[in-house]
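In: sequence first, predicted coordinates after that:
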Amino acid sequence: MRKRVLAAGISFIMMMSMVGCGLTDSSSDQKERRTEKASTETATEIDADVSTATVDDASGKGGDQAEDKDDTKDNKSSGIALDPAFDGIPVIYSVGRTDYVNDDDGEQLYNKASESLHLMEGTEDTYPGIKKALDSFNKSVNSVSEDYSQSELIEMAKEQKASSEYFTYYMDSFNAQIARVDDKVLSISVGSESYYGGAHGYYGTSGYVYDSQTGEELSILDVVSSKEDLKAAAQEIFSRDYPMLIESEPGCEDYLNESLDKPENLNWCMGPTTLDIYYNPYELASYAAGAQTIQIRYADYPNLFSKGYGESEGSWVKQGSDLMEDINGDGSLDYTHFEENVKYEEEYNYSYTDGFTIDTGIESKDVEWYCYGTTVYYIKKDGRFYLYVITEGDNDSSSLLMYEITDGKIVELGEEYAHFSAPSYSFDYGEGYFENCCDEFYNPDAFFIASRMDLLSTITGVKPSTIGEDGKVKYLQEYYNLSDFIITSKKELTFDEVDEDGNVIGEITVPSGSDYNAYRTDDETYADCKLSDGRIVRLRIERDEELGHVINGEHLEELFEGIIFAG
């Protein structure tokens with residue numbers, strides 16, 4: 001049986017909010033993972049019986065409670081034609097959703113952020129096994145605490161707010177990350193956080209592994225040769241990697257051995273080079289000892305992986321600050337570490353990053369860079385190793401910094417004003433929720449890049465991409481795809497008509513009050529817009545030093561409503 005990562009410590013956390021932190025009960029029912037993962041409450045549901053609560057909209061304003069949302073809806077991309085480079089590579093993207101619940105005073109009581117995973121529109125029949133696996137995953141991962149319903153959590157939050165001047169809203173957060181996709185497995189790890197009052201919250205990681213052909217969830221015993229071989233390998237690695245924990249937390253090896261006696265209940269995931277077994281706080285040791293991960297390298301235990309599940313062939317991506325791989329080809333593992341230099345601004349109560357350090361063990365590099373956070377990806381492609389860093393800037397801007405680390409030497413490859421993206425950049429919001437398409441960068445051969453631009457307005461465009469022979473992002477088309485951006489004309493206008501390939505085929509006079517749905521641009525000279533009848537017109541735009549953005553000498557905002565440029 002599979003266990004949600006929150007369940008192991010929730011009731012214990014509530015108790016420990018009064019008595020402090022220590023070891024959890026080691027009984028087998030606390031260790032079990034649930035395979036029947038479907039929940040009656042999903043990421044988008046706000047209980048109908050919470051009649052006294054109000055719901056935030058995306059701007060934080062209070063309002064009437066929103067209707068229940070059906071999170072089983074299919075969140076489609078915009079039907080973009082894929083480049084041949086994507087042949088045989090499933091395009092999976094995530095939809096992030098955040099729900100808010102306020103009380104009558106307008107103060108937030110509960111916040112829930114979750115992600116669901118989806119195949120790109122039009123490819124479901126090409127990858128039926130992956131489609132089935134993702135549907136199963138989406139039904140299982142976004143349930144709330146197994147100890148409390150959502151309405152109970154909201155009532156608990158109300159009670160704590162009434163009794164404490166230091167009230168902090170309750171929260172659940174689920175972040176999905178694709179660890180591996182190939183013709184054998186689809187593997188997903190989920191990072192979870194929660195806070196239900198008390199001394200501290202809880203966090204953990206869960207793994208979900210599916211057969212990519214059938215869509216059925218795999219047991220770890222489907223992958224390894226035997227329970228005995230798995231136990232021996234895990235014990236050996238735990239002794240090697242956690243000697244200080246063994247010394248400081250008596251009994252942790254006993255808890256480990258108990259868990260390995262029931263491998264069907266293990267919390268595990270498959271990456272490109274390792275099988276990872278997760279132990280979240282309290283499972284082996286105290287909360288203060290944190291979480292532990294046993295990483296079993298396929299190459300080190302070939303007999304254990306005799307059933308055909310082993311190291312990924314070809315290219316791969318690993319997300320995280322650390323990499324343990326042979327990057328210089330000498331046959332031994334090299335440890336590469338990325339570390340942010342985080343500063344705290346006490347006067348304004350916020351944290352920021354003013355730089356970071358890359359250390360391959362052979363070379364170390366300090367980079368000065370101001371941002372609000374980073375996401376780090378290690379990449380193997382064509383036998384070479386790269387490090388990509390996404391930095392978060394002001395006004396939701398992002399930069400992609402690229403480095404090669406093959407042979408342990410750190411080589412700067414350049415910067416793109418961009419970030420990884422879903423096939424389309426779209427979002428939806430209303431009373432009590434915000435929903436948007438998010439990136440899933442898991443294959444360096446085929447992915448999408450999003451960039452902010454300001455030719456027609458301040459909008460985000462997306463391009464299909466790959467990593468070229470030089471290790472840099474290589475765009476697979478000249479123009480950016482746009483989505484969900486409509487402007488309305490203030491006067492009758494005449495433009496070139498173009499076909500789907502961008503060839504001029506005539507001229508169109510469009511009446512005042514017409515809607516123009518912008519769907520592609522080169523961000524330099526033109527934006528193509530679809531009219532309500534499906535015809536495509538090309539807006540040729542110039543940047544004038546005095547007038548700003550103009551069409552035929554007239555400013556955009558004199559011609560259209562809905563033009564928005566960020567300040």
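Out: That came through, no problem. Numbering: from 1, shown residues only.
In: ranges for the strands of the stretch 201-350 of the chain?
Out: Counting by DSSP state E, counting those that start in this stretch, the stretch 201-350 of the chain has strands at residues 202-211, 268-270, 274-279, 292-297, 316-319, 322-325, 334-345, 350-359.
In: now for those strands, which one comes closest to residue 438?
Out: Among the strands of the stretch 201-350 of the chain, strand 316-319 comes nearest to residue 438, with 13.2 Å by Cβ to Cβ. Placement of C-beta: from N, CA and C, glycine included.
In: which outside residues touch the closest one?
Out: 177, 180, 271-273, 375-380, 441-444 (Cβ atoms under 8 Å, 6 or more residues apart in numbering).
In: among these, which pair sits farthest apart?
Out: 273 and 375 (20.2 Å).
In: higher neighbour count, these two?
Out: residue 273 (21 against 18; other Cβ atoms under 10 Å).
In: number of nearby residues for residue 253?
Out: 16.
In: any idea what the closest residue in space to residue 516 that isn't next to it in sequence is bridged to?
Out: Computed as Cβ to Cβ, 6 or more residues apart in numbering, the closest residue to residue 516 that is not its neighbour in sequence is residue 529, at 3.8 Å. When bridges are called by DSSP bridges, residue 529 pairs up with residue 518, residue 537.
In: so what's residue 529 up against?
Out: Contacts of residue 529 (Cβ under 8 Å, 6+ apart): 487, 516-519, 536-537, 539.
In: double-check residue 259 against residue 253; I have them as touching.
Out: No: judged on Cβ atoms under 8 Å, residue 259 makes no contact with residue 253 at a distance of 10.8 Å.
In: out of the contacts of strand 316-319, which is nearest to residue 336?
Out: Taking Cβ to Cβ as the measure, residue 336 lies nearest residue 378 of these, at 7.1 Å.
In: what mean pLDDT does whatever helix or strand the closest one lives in have?
Out: Using DSSP states H and E, residue 378 maps to strand 374-381. The average pLDDT for strand 374-381 rounds to 97.
In: please apply the same query to stretch 488-498.
Out: Per-residue scores along stretch 488-498 average to 97.
In: any idea how far apart the tips of that stretch sit?
Out: 19 Å (Cα to Cα, to the nearest Å).
In: cool, stretch 211-224 as well?
Out: OK, stretch 211-224 end separation, Cα to Cα: 14 Å.
In: which residues does that stretch contact?
Out: Contacts of stretch 211-224 (Cβ under 8 Å, 6+ apart): 35, 127-133, 135-136, 181-186, 208-210, 227, 230, 263-264, 266, 268, 270, 275, 304-305, 307, 309.
In: name only those of these that count as buried.
Out: 127, 129-133, 135-136, 181-182, 184-186, 208-210, 230, 263, 266, 268, 270, 275, 304-305, 309 (16 or more other Cβ atoms under 10 Å).
In: nearest to residue 408 among the contacts of strand 316-319?
Out: Once Cβ to Cβ is applied, the member of these that ends up nearest residue 408 is residue 378, at 13.3 Å.
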